[in-house]
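Engineer: Quick one, what's the 3D model for this:
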Amino acid sequence: MGAIILCTAGLAACAAKAPQASLAMPPPAEPPTQALPALTVAKRLSTMPPVAVPAVLRPPLDLSGRNETGKASYYARRFAGRRTADGQRFNPHAPMAASKTLPLGTVAKVVNLSNGTSTTVTVADRGPNVESRMLDVSPEVAIRLGMIREGVARVLVEPITIPEPDGKVKLGAGAAHASKAQIAAAIGTSRRVMRQDGIRVADR
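Structural biologist: Next up is the predicted model:
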């Protein structure tokens, strides 16, 4: 009888030390994600505000071949002999001009809108520094345009030939009213300026 009690007590102790099985339930499975219908996605995208693209990423518009209208002034004679942006020395008696946008070497027809007189210039410099003006011309050009007294005139600029970075010369809007001889001379002038700037000029 005593042996049976000892054995029973031993079994009870063993049973107390045996690890208990975990009764914790596994977490419920998440329901599968349901894809939004295409129409719903499109509707959401259409209501989203537009994303602003930085200006540096936008390709600049090529306005070099178009006619432009604005104010022109002329260089003071004290600038004679100074280097222009294309490397040559400023000559008050040459048909030279300064532009903020036209490529150096551009040949353009300039028309004084107040009296109808016109002449041809070659863009050799950058300017004017006055924001409200778009062109500076040499004193010789100012005389031809009849704007010496006024100092400033409203003009129409019609590009005839425009140098391009790849060494080619393209025709601008002013070429439509120029003779073949004028166009040929303008192309020659543009190419000469490009060579001065170290640009390898294309055959065509």
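
Engineer: Which other helices and strands does the longest strand along the chain contact?
Structural biologist: Assignment by DSSP state E gives strand 152-163 as the longest strand of the chain. For strand 152-163, the helices and strands in contact under the criterion 3 or more C-beta pairs under 8 Å, 6 or more residues apart in numbering; DSSP states H and E are strand 68-74, strand 107-112, strand 133-137, strand 169-171, helix 180-196. C-beta here means a position set from N, CA and C on the backbone, and glycine is covered the same way.

Engineer: and it with helix 180-196, angle?
Structural biologist: Computed by axes from the mean of the first three to the mean of the last three C-alpha atoms, to 10 degrees, the angle separating strand 152-163 from helix 180-196 equals 80 degrees.

Engineer: Can you list the strands that strand 152-163 pairs with?
Structural biologist: Strand 152-163 has these partner strands in its sheet, going by DSSP bridges: strand 68-74 (antiparallel), strand 107-112 (antiparallel), strand 169-171 (antiparallel).

Engineer: Name the surrounding residues that touch the last one.
Structural biologist: In this case it means strand 169-171. Applying C-beta atoms under 8 Å, 6 or more residues apart in numbering, the set of residues contacting strand 169-171 from outside is 65, 160-164, 183, 187, 190-191, 194, 201-202.

Engineer: Okay then, goodbye and thanks.
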